[in-house]
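S.K.: Any chance you can model this:
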Amino acid sequence: MSTKKPDLDAAYSLDTPEDSIDLYRNWAATYDTDFAVEMDYVYPAAVAAVFAEYAGVQDAPVLDVGAGTGLVGAALSANGQWQIDGLDISAEMLAVAMGKGAYRAVHVADLTGAIDLPDGQYGGVISAGTFTHGHVGPQAFDELLRLAAPNALFVIGINAAVYKDQGFEAKFRDLADQIVDFMVLERLIYGDKTKPDHKDDIALVAVFRKAGVAAGS
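M.R.: This next block holds a predicted model:
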């Protein structure tokens, strides 16, 4: 079991899914206050606002990938009415998320492998904070596209520092025949009250739709 203090440095140095499970088990109860508030973590709200801007009428459920304690779901609920499912490797973090009242259901799953959910059930996929140092790489998009319905909206935040080096840029090129309307937006990860060494941290938010025509369109 990991003995690392639960903080951003520990999160960025994770090596395996087991490391993630251990770290976030120990961090779940204090994550919102010790990290999100202390670091002025504006990223979840920023990504939720992008999703709300581009979603239009959204009847199908939305999957929050790497939902953690539910910061994205809570922010998305404040921007409109959606059915939101959360997915995360940490059962303890998801238990906190469910307490926020924004989620229809939550699923414990490892994004580095197969996900035990049916094909094509989600009309949207959103994520903030999962595609970053020490976490999940671009291989997860094959499964996420499988879970999405044709024309599903993806709004996926990726730490700018790993976007090229860990293969996200190349992966999106490889997926060119499976996705449409692709664009990348820049958003700050932290607000003005954060620590000086992270005040300029940037996320690249990939916005696209799964190719194909939804039934009934």
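
S.K.: Just the buried residues of the longest strand along the chain, please?
M.R.: Counting residues, the longest strand found in the chain (DSSP state E) is strand 148-159. By 16 or more other Cβ atoms under 10 Å, the buried positions in strand 148-159 come out as 148-149, 151-159. In short, each C-beta sits where N, CA and C put it, glycine included.

S.K.: from those, which is closest to residue 184?
M.R.: residue 158 (8.7 Å; Cβ to Cβ).

S.K.: which intervals of this structure have sub-threshold pLDDT?
M.R.: Applying pLDDT under 70 to the chain flags residues 1-26, 57-58, 134-135, 214-217.

S.K.: where does the residue at minimal distance from the centre of it fall, phi/psi-wise?
M.R.: The chain has residue 127 as the residue nearest its centroid, 1.9 Å off, counting by Cα atoms, centre = their mean. Per-residue torsions, residue 127: phi -160, psi 140 (degrees, to the nearest 10).

S.K.: Ignoring the adjacent residues along the chain, who's closest to residue 183?
M.R.: Spatial nearest neighbour of residue 183, excluding adjacent residues (Cβ to Cβ, 6 or more residues apart in numbering): residue 207 at 5.2 Å.

S.K.: Now do the buried residues in the helix or strand hosting that neighbour.
M.R.: Residue 207 is part of strand 202-210 when elements are defined by DSSP states H and E. Neighbour counts over strand 202-210 (16+ other Cβ under 10 Å) mark 203-210 as buried.

S.K.: Alpha carbons of stretch 168-188, as CSV, please.
M.R.: C-alpha atoms of stretch 168-188 as CSV (Å, rounded to 0.1, in the frame of the first residue of the first chain):
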residue,chain,number,x,y,z
PHE,A,168,-2.6,12.4,-27.2
GLU,A,169,-2.0,14.6,-30.2
ALA,A,170,-1.0,11.5,-32.3
LYS,A,171,-3.9,9.5,-31.0
PHE,A,172,-6.4,12.1,-32.2
ARG,A,173,-4.8,12.0,-35.6
ASP,A,174,-5.2,8.2,-35.6
LEU,A,175,-8.8,8.6,-34.7
ALA,A,176,-9.6,11.0,-37.6
ASP,A,177,-12.0,8.6,-39.3
GLN,A,178,-13.9,8.0,-36.0
ILE,A,179,-14.3,11.6,-34.8
VAL,A,180,-15.6,14.9,-36.3
ASP,A,181,-15.6,18.6,-35.5
PHE,A,182,-12.4,18.3,-33.6
MET,A,183,-10.9,21.4,-31.9
VAL,A,184,-8.7,22.2,-29.0
LEU,A,185,-9.4,25.0,-26.5
GLU,A,186,-7.0,26.3,-23.8
ARG,A,187,-8.3,26.6,-20.2
LEU,A,188,-6.5,27.4,-17.0
